[in-house]
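Asker: Sharing a model prediction with you, sequence too.
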Amino acid sequence: PTMAHSQPLLVLENFIGGKFVPCSSYIDSYNPSTGDVYCRVPDSGKEEVEAAVKAAKDAFPVWSSKGPLERSQILNKLADLIEHDLEAFAQAESKDQGKTITFARTVDIPRAVHNLRFFASSILHHVTECTEMPAVGCVHYTSRAPVGVAGLISPWNLPLYLLTWKIAPAIACGNTVVAKPSEMTSVTAWMMCKLLEKAGVPPGVVNVVFGTGAKAGEALVCHPDVPLISFTGSTLTAQRITERSAPHCKRLSLELGGKNPAIIFDDADLSQCIPTTVRSSFANQGEICLCTSRIFVQRGIYSEFLKRFVAEAKKWKTGNPSDPTVDVGALISKEHLEKVRNYVKKAQAEGARVLCGEGVDPLALPPGNQKGYFMLPTVIAEVKDESCCMQEEIFGPVTCVVAFDTEEEVIKRANGVKYGLAATVWSGNVGRVHRVAHRLQSGLVWTNCWLVRDLNLPFGGMKASGIGREGAKDSYEFFTEVKTITIKH
Ligand code: NAD
């Protein structure tokens, strides 16, 4: 890799107990759209995690005893400060992650702001339960209290968006946190730390330790004073976290990968379905856990769908993420790009047809982006259900299209993977939509739309896609400990 000599390297520091602290060793972080090292991220380990957990533990008694209103005001203030710097955050997220500036501006950062405001508001509206037993002269009620120091581990695909989705409910409920963002996308978390004091977040309430999963992540997972871990990332890492945390019986929330189907019946409105399914396949370079990667199309409309879908996919422009006309930016890393490309090669070797994108169409990149990790939106047809491209999460701009005949058959095939995160169903028949939605093994089912979210409702996956749900009520329950109290009068 070449170094970006023209600009000094950005050097991040851990944020512990309200202070920025340098680290003794650092990891190089790449700009995915140029291939240059442009930033150095602390390579934290046990020692740094220990200091952060201590700071969080020390801050807990005061923070947890504040009322929800005070915490809510602080979260709102933080949201305002991030929103005020929205453009700077969006530029940083795009540069660090490879995503388009348009996506960072319209999705990542606005949603991070919304996460903070949403939990600032929802924390004010929870009520606890009360029951009476007049026959024995008793009244029962529940009380909820924050758990303690929460360990928050987030991935690289939606960096600030997913980090705030955890920090907001954790601190709104009165916990203090130690967060570990992905070592590949740490910049916006570090920028947020600079705003915490001004927002009124007391020192030690939010600590951020940067570094790798194997070192910093595991130190957090194994720390005896961190009773709960909220993790978003891959299924493989979740298995490791489960193992490592087992001796401590930690409370885990695991939001994991997917292999999300789109089921398109012959009565679907294709004028809506096609652009939405192109978006659900390729948005954020296909690097969203909710992206569609298996498209089942009813046989009668299969060839028409394929023709129109490929034509629409080809309209998506791949290139410099900071160009506002670009739809597809760079993938996160060289290794990830190789991995995604290999899936396309494997599909070809198995006899599948690549209809557009990788290896089929030319990819013209601006001079400054020649070493970036780019790949065209790729559509593969005639893939067997048992092929790795139909079974494994690819997490890139690749989608497979196959034909089906009956409702019964497609439900079985859609459920025939280890994952169960999200599905879309396209049909004008309301009865069918309900029937299919009920039978899909999937934590989220969108019909005739995609990625329309109400944060009040549970989010999460079935099977290998996760354990637990996040949302207004679900996150509140995860980040608090409930107690049942009985009073005899
Ligand atoms: P990953 O599992 O490699 O890493 C996620 C985070 O875990 C990173 O911060 C990493 O440093 C850390 N980590 C790695 N090993 C660890 C260990 N042994 N102990 C503790 N922490 C460790 O995932 P990724 O590649 O960063 O993200 C992509 C994955 O995330 C995909 O599978 C995607 O589907 C999933 N994802 C899921 C959701 C969801 O809400 N379900 C959302 C976004 C991404």
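Answerer: Received the coordinates, thanks. Source: prediction; values computed, not measured. Residues are numbered from 1 along each chain as shown.
Asker: Contact partners for Glu358?
Answerer: By Cβ atoms under 8 Å, 6 or more residues apart in numbering, the contact list for Glu358 reads Arg341, Val344, Met375, Leu376, Thr378, Val398. No exception for glycine: its C-beta is placed from N, CA and C like everyone else's.
Asker: Could you rerun that using 7 Å?
Answerer: Arg341, Val344, Met375, Leu376, Thr378 (Cβ atoms under 7 Å, 6 or more residues apart in numbering).
Asker: Check Ile229 too.
Answerer: Per Cβ under 7 Å, 6+ apart, neighbours of Ile229: Gly151, Ile153, Val221, Ile241, Ser245, Lys250, Leu252.
Asker: Return the distance of the fifth one relative to the ligand.
Answerer: Computed as Cβ to the nearest ligand atom, to the nearest Å, the Ser245 to the ligand distance reads 9 Å.
Asker: Without its sequence neighbours, what residue ends up closest to that residue?
Answerer: Leaving out its chain neighbours, the residue that sits closest to Ser245 by Cβ to Cβ, 6 or more residues apart in numbering is Val221, at 5.2 Å.
Asker: just the second one next, same as before
Answerer: The shortest distance from Ile153 to any residue other than its chain neighbours is 4.7 Å, reached at Phe231 (Cβ to Cβ, 6+ apart).
Asker: Report whether stretch 46-54 contacts the ligand.
Answerer: No - under the criterion of Cβ under 6 Å from any ligand atom, the ligand is not reached by stretch 46-54; the shortest gap measures 10.6 Å.
Asker: Quick one: distance of that stretch to the chain centre.
Answerer: Relative to its chain's centre, stretch 46-54 lies at 25 Å (Cα atoms, centre = their mean, to the nearest Å).
Asker: Return the set of buried residues in it.
Answerer: By 16 or more other Cβ atoms under 10 Å, the buried positions in stretch 46-54 come out as Glu48, Val49, Glu50, Ala51, Ala52, Val53, Lys54.
Asker: ok, the helix or strand harbouring the residue nearest to Ile153: who's next to it in the sheet?
Answerer: Here Phe231, judged by DSSP states H and E, is contained in strand 228-232. The strands beside strand 228-232 in its sheet (DSSP bridges) come out as strand 149-153 (parallel), strand 251-255 (parallel).
Asker: ranking the ones you listed by burial, who's on top?
Answerer: strand 149-153 (a mean of 28; mean count of other Cβ atoms under 10 Å).
Asker: can you list the residues that contact that one?
Answerer: With Cβ under 7 Å, 6+ apart as the test, strand 149-153 has contacts from 53, 56-57, 60, 166-167, 170, 175-180, 217, 220-221, 225-226, 228-231, 233, 479.
Asker: out of those residues, which are buried?
Answerer: For the contacts of strand 149-153, buried by 16+ other Cβ under 10 Å: 53, 56-57, 60, 166-167, 170, 175-180, 217, 220-221, 226, 228-231, 233, 479.
Asker: and those residues, which of them are in strands?
Answerer: Thr176, Val177, Val178, Ala179, Lys180, Leu228, Ile229, Ser230, Phe231 (DSSP state E).
Asker: Per-residue pLDDT of the nearest residue to the first one once chain neighbours are set aside, please?
Answerer: It stands for Thr176. Leaving aside its chain neighbours, Thr176 sits nearest to Ala56 (4.1 Å; criterion: Cβ to Cβ, 6+ apart). Note on Ala56: pLDDT of 99.
Asker: repeat for Thr2
Answerer: pLDDT, Thr2: 51.
Asker: about what we covered before: surely the residue nearest to Thr176 meets Asn207?
Answerer: Yes - between Ala56 and Asn207 a contact is recorded at 5.4 Å, counting by Cβ atoms under 7 Å.
Asker: Give me the common contacts of these two.
Answerer: Contact criterion Cβ under 7 Å, 6+ apart; residues shared by Ala56 and Asn207: Val177, Val178.
Asker: about what we covered before: ok, the residue nearest to Ser245 touching Glu243?
Answerer: No - using Cβ under 7 Å, Val221 makes no contact with Glu243, being 9.4 Å away.
Asker: So for Phe479, what's the nearest residue that isn't a sequence neighbour?
Answerer: Of all residues not flanking Phe479 in the chain, Cys173 sits nearest, at 4.0 Å (Cβ to Cβ, 6+ apart).
Asker: For Gly468, give me its contacts.
Answerer: Here Gly468 is in contact with Ser253, Leu254, Gly460, Phe478 (Cβ under 7 Å, 6+ apart).
Asker: Determine the number of other residues adjacent to Lys307.
Answerer: 11 (other Cβ atoms under 10 Å).
Asker: actually Asp454, not the one I typed
Answerer: Neighbour count for Asp454, taken as other Cβ under 10 Å: 9.
Asker: quick one: it and Gly471, what's the gap?
Answerer: Here the criterion is Cβ to Cβ, to the nearest Å. By it, Asp454 lies 9 Å from Gly471.
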